[in-house]
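Student: sequence first, predicted model second:
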Amino acid sequence: MMNVVLIAHNLRSTHNVGSLLRTAEGLGVKKIYFTGYTPYPLIENDSRLPHESAKLSKQIHKTALGAENSILWEQNSDIETVIEELKEQSYSITGLEQLPNSTKLNDYRPPKNVALILGREVEGLEPGVAKLCNTIIEIPMQGKKESFNVVQAAAIALYDMMHRE
């Protein structure tokens, strides 16, 4: 069985964070790391201003519907530290992005331990983050649009990876 963790890096939308928590929980993701400025639910000893953390948690809960309480997650603004730790735990770091060197999702053969990095909603993975990845995968687009919503893309990639024979 695969071990998949997600790294949500520099997402802005609390709606996307809540939806990602719910989607990841439903697909069996082991843990989500919120890095950079990605909003995250309320935590013990929260360093954010109380009204700010309460507002963000409420917005995330609106789409997570409690998934924030049933999936492991962690907040660490430093993505490089998270990637280093995951590499030490034998995770292959895989970015989801459309780049010239990316592997099409249907050609990707995931290893047992995968850390899937999702980037910013509009701009995608930052070049410096992409360089830290072992592999970059992309979902081939069939229509006129150039990309999916970050959570839709995550769901497609996760489902495909976790249901390979």
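Tutor: Arrived safely, thanks for sending. Numbering: from 1, shown residues only.

Student: what ranges do the helices span in this structure?
Tutor: Applying DSSP state H to the chain gives helices spanning 14-27, 50-64, 79-88, 127-130, 150-162.

Student: from the ones you listed, which stretch is densest packed?
Tutor: Sort those by mean neighbour count, taking mean count of other CB atoms under 10 Å, and helix 14-27 sits at the top with a mean of 22. (C-beta placed from N, C-alpha, C; glycine too.)

Student: tilt between that helix and helix 150-162?
Tutor: Between helix 14-27 and helix 150-162, the angle comes out at 20 degrees (axes from the mean of the first three to the mean of the last three CA atoms, to 10 degrees).

Student: elements contacting helix 14-27?
Tutor: On a contact count with 3 or more CB pairs under 8 Å, 6 or more residues apart in numbering; DSSP states H and E, helix 14-27 meets strand 3-9, strand 31-35, helix 50-64, helix 150-162.

Student: quick one: closest of the ones you listed to Asn101.
Tutor: Judged by CB to CB, the one of the helices and strands packed on helix 14-27 that comes nearest to Asn101 is helix 150-162, at 16.9 Å.

Student: quick one: work out the angle between the closest one and strand 31-35.
Tutor: 140 degrees.

Student: contacts for helix 150-162 next, please.
Tutor: Contacts with helix 150-162, where a contact means CB atoms under 8 Å, 6 or more residues apart in numbering, come from 2, 4, 6, 11, 16, 19-20, 23-24, 27-29, 96, 105-106, 108, 110, 114, 116, 118-119, 121, 137, 139, 147-148.

Student: and those, which of them are buried?
Tutor: With neighbours counted by 16 or more other CB atoms under 10 Å, the contacts of helix 150-162 contain buried members at 2, 4, 6, 11, 16, 19-20, 23-24, 27, 29, 96, 105, 108, 110, 114, 116, 118-119, 137, 139.
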